[in-house]
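Enquirer: Just need the structure, nothing else, for what follows:
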Amino acid sequence: MDSFRALLIRRDEATKKQSIAVETLTDTDLMEGDVDVRVEQSTLNYKDGLAITGRLPVVRRFPMVPGIDLAGIVIRSNHPGIALGDRVILNGWGVGETHLGAFAEKARVKGDWLIPLPPSLSGAEAMAIGTAGYTSMLAVMALERHGLKPEAGPLVVTGASGGVGSVAVMLLDRLGYGVEAVTGRVEEAGYLRSLGATAIVPRGELSGETKPLARERWAGGIDAVGGRILANVLSMTRSEGAIAACGNAAGMDLPASVAPFILRGVSLLGINSVYVPKALRIEAWDRLARDLDRDRLKAMTSTIGFGDIQTAAEDIVAGRVRGRIVVDMNS
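Expert: Just a heads-up that it's a prediction; the model follows:
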């Protein structure tokens, strides 16, 4: 590939305003790395939407190719564990933030960032899962390590219509948990029930002033939004329960009380999906390949072409996207 298409974000240092356009790059534009990958599929996460729209300072180096997930085939390798023709996936490691990312037909990365595509998954399925689904699985595994079992009672999933939330609902239902889905779009109730939600909780029930302790409702859950929603969920978690927190769509603050932690023994489990040891990544992806309902995954996924990324980014930040988006880099 002498030259290749890339979506490139630039910033005017005088005005601090960013611009974005499809450009043609060559190998000399790429950053350091011991593996080159021909990107076949990517995906659009909420974080990608923030980077492309500039709503939050996700990008920390300019110019930058956004995109934090990729699936593709190795076309050059100086890494001892990776061979030409290997099919690989990548999530995180600052790709799309500090290292040129996935919204390009070619990526040069460190081989240690890559893991093998599970044999039972296609590249498109892996990107339908993406960082959102991979994060959901890390959260599920954290709840399992805490000791939460289905018989403990219902679990709550916030931001349930989004990528992380949709996969979380689907995974937890498949594993036998009762799932109550929190959403600001009650019109998506049918969609969420199709993924396995047993009850729909309007977001308004959790967006009010936070009480130190409220009526116990859930044995635990997965929070993808943060802010006051998370604070209220914590106040409603049963004794010895746990909430895995992995998002900030509702804000970075946490206006909570210590009461749930010291009076009910509630645990707040932080989920970092960006810098995760390789063994844990492989474990999570093996679980995803085994535990996900492929028919449900397909039903919650839409596919767009390379030229549709910017429009879809606006939609995801505006809350107009449900489920997952796969980007076909060949179209």
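
Enquirer: Which residues does stretch 80-91 contact?
Expert: Residues from elsewhere that reach stretch 80-91 (CB atoms under 8 Å, 6 or more residues apart in numbering): 35, 37, 68-77, 102, 107, 109, 111, 113-117, 123, 126-127, 130-131, 134, 273, 281, 285. (C-beta placed from N, C-alpha, C; glycine too.)

Enquirer: Could you turn the buried ones of the residues you listed into a PyMOL selection?
Expert: Applied in PyMOL, the following selects the buried portion of the contacts of stretch 80-91 according to 16 or more other CB atoms under 10 Å:
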select buried, resi 35+37+68+69+70+71+72+73+74+76+77+102+107+109+111+113+114+115+117+123+126+127+130+131+134+273+281+285
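
Enquirer: Of the contacts of stretch 80-91, which belong to strands?
Expert: Counted as lying in strands by DSSP state E, out of the contacts of stretch 80-91, are 35, 37, 69-77, 107, 109, 115-116.

Enquirer: from the residues you listed, which is closest to Val179?
Expert: Lowest distance from Val179 to the ones in strands among the contacts of stretch 80-91 (CB to CB) belongs to Asp69, with 24.7 Å.

Enquirer: what sits opposite that closest one in the beta ladder?
Expert: Beta bridges link Asp69 to Asn91, judged by DSSP bridges.

Enquirer: Isn't it up against Val39?
Expert: No: in this structure, Asp69 sits apart from Val39 without contact. The criterion is CB atoms under 8 Å, and the distance is 9.8 Å.

Enquirer: Provide a list of residues in contact with the residue nearest in space to the middle of the chain.
Expert: Most central in the chain under CA atoms, centre = their mean is Ala132, positioned 2.0 Å from the mean C-alpha point. Each residue near Ala132 by CB under 8 Å, 6+ apart is listed here: 43, 45-46, 162-164, 166-167, 324.

Enquirer: Whichever of those residues end up buried, select them in PyMOL.
Expert: In PyMOL, this line selects whichever of those come out buried by 16+ other CB under 10 Å:
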select buried, resi 43+45+46+162+163+164+166+167+324
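
Enquirer: Save the contacts of Ala132 as JSON lines, and put in distance to Val140 and pLDDT too.
Expert: Converted to JSON lines, these look like this (distance: CB to CB, whole Å; pLDDT from 0 to 100):
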{"residue": "Thr43", "distance to Val140": "19", "pLDDT": "97"}
{"residue": "Asn45", "distance to Val140": "18", "pLDDT": "91"}
{"residue": "Tyr46", "distance to Val140": "19", "pLDDT": "90"}
{"residue": "Gly162", "distance to Val140": "16", "pLDDT": "90"}
{"residue": "Gly163", "distance to Val140": "15", "pLDDT": "90"}
{"residue": "Val164", "distance to Val140": "11", "pLDDT": "94"}
{"residue": "Ser166", "distance to Val140": "13", "pLDDT": "94"}
{"residue": "Val167", "distance to Val140": "9", "pLDDT": "95"}
{"residue": "Arg324", "distance to Val140": "17", "pLDDT": "94"}
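
Enquirer: Filter the contacts of Ala132 down to just the ones in helices.
Expert: Secondary structure of the contacts of Ala132 is defined by DSSP state H; positions in helices are 46, 163-164, 166-167.

Enquirer: domain assignment for the protein?
Expert: Taking automatic domain parsing as the domain assignment, the record places the domains of the chain at 3-117+300-328, 131-270.

Enquirer: ok so, going back, what is the nearest of the ones in strands among the contacts of stretch 80-91 to Ile304?
Expert: Distance to Ile304, by CB to CB, is smallest for Asp69 among those, at 14.0 Å.

Enquirer: Distance check, that closest one against Leu114.
Expert: Counting by CB to CB, to the nearest Å, the gap from Asp69 to Leu114 is 12 Å.

Enquirer: just Gly49 next, same as before
Expert: Distance check for Gly49 against Leu114: by CB to CB, it reads 24 Å.

Enquirer: Same check on Leu30?
Expert: For Leu30, the distance to Leu114 under the criterion CB to CB works out to 15 Å.

Enquirer: ok, now Gly208?
Expert: Summarising the geometry, the distance separating Gly208 from Leu114, computed by CB to CB, is 45 Å.

Enquirer: ok, now Lys278?
Expert: 9 Å.

Enquirer: now could you export just the CA positions of stretch 199-216 as CSV?
Expert: Written as CSV, here are the backbone C-alpha positions of stretch 199-216 (Å, rounded to 0.1, in the frame of the first residue of the first chain):
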residue,chain,number,x,y,z
ALA,A,199,-37.6,-4.2,33.2
ILE,A,200,-37.1,-0.7,31.8
VAL,A,201,-36.2,2.1,34.2
PRO,A,202,-36.7,5.7,32.8
ARG,A,203,-33.6,7.7,33.3
GLY,A,204,-35.6,10.4,35.1
GLU,A,205,-36.0,8.1,38.1
LEU,A,206,-32.2,8.3,38.7
SER,A,207,-31.4,11.8,37.7
GLY,A,208,-32.8,13.7,40.7
GLU,A,209,-31.0,14.8,43.9
THR,A,210,-29.0,12.0,45.4
LYS,A,211,-30.0,10.6,48.9
PRO,A,212,-27.2,9.1,51.1
LEU,A,213,-29.2,5.9,51.1
ALA,A,214,-32.3,5.0,49.1
ARG,A,215,-34.5,1.9,49.0
GLU,A,216,-32.5,-1.1,48.0
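
Enquirer: Many thanks, I have nothing further to ask.
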